[in-house]
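1. Mind folding the following:
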Amino acid sequence: MTDRHISVGEILLDIECELRRARLWEDELPSEEALASDQPFAIDTLQFHQWLQFILLPRMHMLVEERLPLPSACGISPMAEEVYKEEMERMRPLLIQLQRLDKLFAGLPSP
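-> This is a model prediction of the structure:
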């Protein structure tokens, strides 16, 4: 496993922790129809935190575990900033983790 894969795995765990801390982690899986959305961030069927939990995290964990190529760009944090613009202070720790992931994929130094 590459250092980059390890770093992504660590950030994914941090994202999960922040979702749990913010009480956004859900125990129940959304419907198959909701998960099958072809819209960016499944915006038509899922809330943003559900997309993180049920689509992004599992896909990224699979890439890390299988040592598959990682994205060269992500761009999740701008969407998160828009979604949570009314709750920036409360959601700042999650936003920081998403920014770390974006920067890692872009090859930039993490904050």
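2. who touches the nearest residue to residue 35 once chain neighbours are set aside in this structure?
-> Once flanking residues are discounted, residue 35 sits nearest to residue 54: 6.1 Å by CB to CB, 6 or more residues apart in numbering. Placement of C-beta: from N, CA and C, glycine included. Neighbouring residues of residue 54 by CB atoms under 8 Å, 6 or more residues apart in numbering: 26, 29, 30, 35, 46.
3. among those residues, which are in strands?
-> With strands taken from DSSP state E, there is no overlap with those.
4. Of those residues, grab the buried ones for ChimeraX.
-> Selecting only the buried entries of those in ChimeraX, with 16 or more other CB atoms under 10 Å as the criterion:
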select :30,35,46
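5. from the contacts of residue 54, which ones fall inside helices?
-> residue 35 (DSSP state H).
6. TSV for the contacts of residue 54, including distance to residue 66 and pLDDT?
-> Output for the contacts of residue 54, formatted as TSV (distance: CB to CB, whole Å; pLDDT from 0 to 100):
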residue	distance to residue 66	pLDDT
26	25	97
29	22	96
30	24	96
35	20	95
46	24	97
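7. from the contacts of residue 54, which is closest to residue 17?
-> residue 26 (14.9 Å; CB to CB).
8. For residue 80, see how far away the residue nearest to residue 35 is.
-> Residue 54 sits 16 Å away from residue 80, going by CB to CB, to the nearest Å.
9. thinking again about what came up before, among the contacts of residue 54, which two are most distant?
-> Most distant of the contacts of residue 54, by CB to CB, are 26 and 35, 12.5 Å apart.
10. Quick check, residue 84 in contact with residue 96.
-> No: applying CB atoms under 8 Å as the test, residue 84 and residue 96 come out as separate, 11.9 Å apart.
11. okay, those two: which has more neighbours?
-> Per other CB atoms under 10 Å, whichever of residue 84 and residue 96 has more neighbours is residue 84, with 19 against 15.
12. Contacts only, for the residue lying closest to the more buried one once chain neighbours are set aside.
-> Spatially, and ignoring its direct neighbours in sequence, residue 84 is nearest to residue 91 (4.0 Å; CB to CB, 6+ apart). Contact partners of residue 91, counting by CB under 8 Å, 6+ apart, are 22, 80, 84.
13. Having no further points to raise, I will conclude here.
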